[in-house]
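*Asks:* just need the structure, nothing else, for what follows:
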Amino acid sequence: MTNKDILTKLKDIIEDINPDIDFSESLALIQSGAMDSLEVINYLTQIEEVFNLEISLEQLQEEKLGVVGNMLNYIASQII
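*Replies:* Numbers count the residues shown, from 1 in each chain. As a prediction, the model looks like this:
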């Protein structure tokens, strides 16, 4: 799976949760207020299902996975 494929899937997940979000790789979903806490949990759940990963809330915070580009890089590193 290429980074472009991952980014497309992330965009689909985010737009499914909130179609009004202005999607970009630099988008900070939590810090920008683009998603509330329930939407973030939904986001993580969908990522775990789509990419067959487990992501803790601690990882989300420590690795700054709330930024789309950081999540992209994390997923790419995990699905080698």
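
*Asks:* residue ranges with poor pLDDT in this protein?
*Replies:* Within the chain, the stretches with pLDDT under 70 are 80.

*Asks:* quick one: the helices in this protein, in order.
*Replies:* Remark: helices assigned in the chain by DSSP state H are 3-17, 37-51, 57-62, 68-78.

*Asks:* now the third one: how far from the chain's centre is it?
*Replies:* Put plainly, it is helix 57-62. Averaging C-alpha positions (CA atoms, centre = their mean, to the nearest Å) puts helix 57-62 12 Å from its chain's average.

*Asks:* how about that helix as CSV, C-alpha atoms only?
*Replies:* Taking C-alpha atoms only, helix 57-62 is exported to CSV below (Å, rounded to 0.1, in the frame of the first residue of the first chain):
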residue,chain,number,x,y,z
LEU,A,57,-4.7,7.1,23.3
GLU,A,58,-1.2,7.4,24.7
GLN,A,59,0.3,6.8,21.3
LEU,A,60,-2.1,9.3,19.8
GLN,A,61,-0.8,12.0,22.2
GLU,A,62,2.9,11.0,22.4
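
*Asks:* so which residues make contact with it?
*Replies:* For helix 57-62, contacts defined as CB atoms under 8 Å, 6 or more residues apart in numbering pick out 40, 44, 65-66. From N, CA and C alone the C-beta is placed, and that goes for glycine too.

*Asks:* in that helix, what's buried?
*Replies:* Neighbour counts using 16 or more other CB atoms under 10 Å place Leu60 of helix 57-62 among the buried residues.

*Asks:* ditto for stretch 1-21
*Replies:* Within stretch 1-21, the residues scored as buried using 16+ other CB under 10 Å are 6-7, 9-11, 13-14, 17, 21.
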